[in-house]
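**Student:** below: sequence and its predicted model.
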Amino acid sequence: MRKIDIFDTTLRDGEQTAGVNLNAHEKLEIARQLERLGVDVIEAGFPAASPGDLAAVKQIAEEIKNSTVTGLARSTQKDIDAAWEALKDSAEPRLHVFLATSPIHMTYKLKKTPDEVIETAVQSVKYAKQKFPVVQWSAEDACRSDLPFLAKIIEQVIEAGASIINLPDTVGYRSPAEYGQLFQYVREHVPNIHRAKLSAHCHDDLGMAVANSMAAIENGADQIECAINGLGERAGNASLEEIGVALAIRSSFYQAESRLELKEISRTSSLVSRLTGISVPPNKAVVGKNAFAHESGIHQDGVLKEKSTYEIITPELVGVSSNSLVLGKHSGRHAFRSHIQKLGFEPGEEQLNILFKEFKDLADRKKELTEEDIFALLLEHKIQP
Ligand code: KIV
Ligand code: ZN
């Protein structure tokens with residue numbers, strides 16, 4: 001089994017979610033939970049962005065010991081110095097420095113020629129290496145870059161000292177097959193690539209961030225960058241929880257695994273949702289309220305007989321106490337009876353038939369029935385516990 005490093009960027013790209021602003025105390029609380037979750041790398045922030053972010057990254061770097069702490073920097077001495085100030089007391093100071101490599105970004109944003117971009121990237125990595133033992137270099141907008149140019153710049157930044165090369169799909173543009181091919185291309189066309197780890201960083205603009213990350217694993221990525229609840233710039237980053245669970249339950253397919261403590265997933269998701277103010281959609285995979293809820297009678301009957309009929313993930317795996325059989329108009333007699341029994345009632349067959357008919361009439365009028373509705377029905381029919 002290959003070991004995949006999980007690089008969490010909730011506190012950096014995740015904090016770039018519109019409307020999110022975490023203070024230092026909140027960031028530290030999330031970092032402690034990420035450490036309990038077992039992430040390999042915590043990207044704690046962007047120290048040059050503000051004095052507050054520098055202080056928050058510094059505090060996290062000083063306290064967190066079981067996950068590597070990193071911070072983002074543009075390719076300038078000022079940014080790298082700010083990151084050093086924040087990270088110098090961490091167990092293994094690690095910098096994440098980036099520069100855009102696509103023609104669109106080089107022409108319109110950086111206003112630099114490709115040769116100038118290579119020169120800037122190499123100088124920034126050399127400068128960073130004077131301080132940081134580990135330097136990760138990201139080719140921003142790698143997915144829209146010219147491939148021979150990308151191979152050339154990667155070779156040179158590795159020569160300059162970068163030991164992790166990240167290929168971000170910055171604008172969430174690629175399909176899984178294309179993103180996988182990018183990893184293959186880099187592995188085949190960068191002669192010194194064996195000296196570096198390859199990392200994936202996917203955005204969800206076309207809803208493919210997790211699929212793209214998994215394709216990267218299939219094509220040799222050693223590290224996956226992701227965020228809790230899929231937070232991040234625009235439509236967000238790949239969801240950590242989905243990648244972690246996919247790796248765990250499909251490990252034989254991917255021939256890879258992570259060291260995540262998956263039972264911490266549910267509480268990590270709730271904590272991040274509470275502190276960022278961004279709620280989790282009910283139908284969100286793994287952490288949504290409905291991820292383990294069965295509504296239709298056919299499904300409820302199935303899971304009452306054998307959970308694996310409709311559950312590929314056990315709720316306990318991610319720290320959820322149990323599944324739930326939601327009572328609604330699609331619910332069947334089995335689930336209805338099971339609910340009543342859990343409430344401590346055991347009506348006879350005749351009574352159950354009458355109650356079930358009334359329950360169905362009520363369910364036609366109400367979307368979801370609560371325990372109180374069922375109690376009211378039982379009381380109405382004078383059924384004793
Ligand atoms: O999406 C992106 O390209 C980034 C880089 C800074 C790594 O977030
Ligand atoms: Zn990003």
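**Tutor:** Noted; the coordinates are in hand. Ligands and ions are numbered 1, 2, ... in the order given.
**Student:** check contacts around the residue of the stretch 251-385 of the chain found nearest ligand 1.
**Tutor:** Using Cβ to the nearest ligand atom, T276 is the residue of the stretch 251-385 of the chain that sits closest to ligand 1, at 17.4 Å. C-betas here are computed from N, CA, C, even on glycine. For T276, the contact set (Cβ atoms under 8 Å, 6 or more residues apart in numbering) comprises 14, 17, 20, 22, 229, 231.
**Student:** mind doing that once more with 10 Å?
**Tutor:** 10, 14-15, 17, 19-22, 26, 30, 228-229, 231 (Cβ atoms under 10 Å, 6 or more residues apart in numbering).
**Student:** most surrounded residue in the residues you listed?
**Tutor:** T10 (32 neighbours; other Cβ atoms under 10 Å).
**Student:** on the three-state scheme, that one is what?
**Tutor:** Taking DSSP: H, G, I helix; E, B strand; the rest coil as the rule, one finds T10 in the coil state.
**Student:** right, and it touches V41 too?
**Tutor:** No. T10 lies out of contact with V41 (Cβ atoms under 10 Å); the separation is 11.6 Å.
**Student:** which neighbours do the two share?
**Tutor:** Residues touching both T10 and V41 (Cβ under 10 Å, 6+ apart) are L34.
**Student:** give me the element L95 is part of.
**Tutor:** strand 94-100 (DSSP states H and E).
**Student:** list the contacts of whichever helix or strand comes after that strand.
**Tutor:** Heading C-terminal from strand 94-100, the first helix or strand you meet, by DSSP H and E, is helix 103-104. Residues from elsewhere that reach helix 103-104, judged by Cβ under 10 Å, 6+ apart: 114, 141, 144-146, 149, 171.
**Student:** check stretch 114-123 too.
**Tutor:** Residues outside stretch 114-123 that contact it (Cβ under 10 Å, 6+ apart) are 74-77, 97-101, 103, 105-107, 110, 112-113, 137-139, 145-146, 149, 152-157, 159-162.
**Student:** run through the residues you listed and flag the ones next to ligand 1.
**Tutor:** Residues of these in contact with ligand 1 (Cβ under 6 Å from any ligand atom): 98, 138.
**Student:** give me the buried entries from the contacts of stretch 114-123.
**Tutor:** 74-76, 97-101, 105-106, 110, 112, 137-139, 145, 149, 152-157, 160-162 (16 or more other Cβ atoms under 10 Å).
**Student:** what about those, which are in helices?
**Tutor:** Residues of the buried ones among the contacts of stretch 114-123 located in helices (DSSP state H): 149, 152-157, 160.
**Student:** got a list of what S145 touches?
**Tutor:** 100-106, 114, 139, 151, 153, 167, 182.
**Student:** just the contacts of T276: which are in strands?
**Tutor:** Assigned to strands by DSSP state E, none of the contacts of T276 qualify.
**Student:** tabulate these (JSON lines), appending pLDDT.
**Tutor:** Below are the contacts of T276 laid out as JSON lines (pLDDT from 0 to 100):
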{"residue": "T10", "pLDDT": "98"}
{"residue": "G14", "pLDDT": "98"}
{"residue": "E15", "pLDDT": "97"}
{"residue": "T17", "pLDDT": "97"}
{"residue": "G19", "pLDDT": "96"}
{"residue": "V20", "pLDDT": "97"}
{"residue": "N21", "pLDDT": "96"}
{"residue": "L22", "pLDDT": "97"}
{"residue": "E26", "pLDDT": "98"}
{"residue": "I30", "pLDDT": "98"}
{"residue": "I228", "pLDDT": "98"}
{"residue": "N229", "pLDDT": "98"}
{"residue": "L231", "pLDDT": "98"}
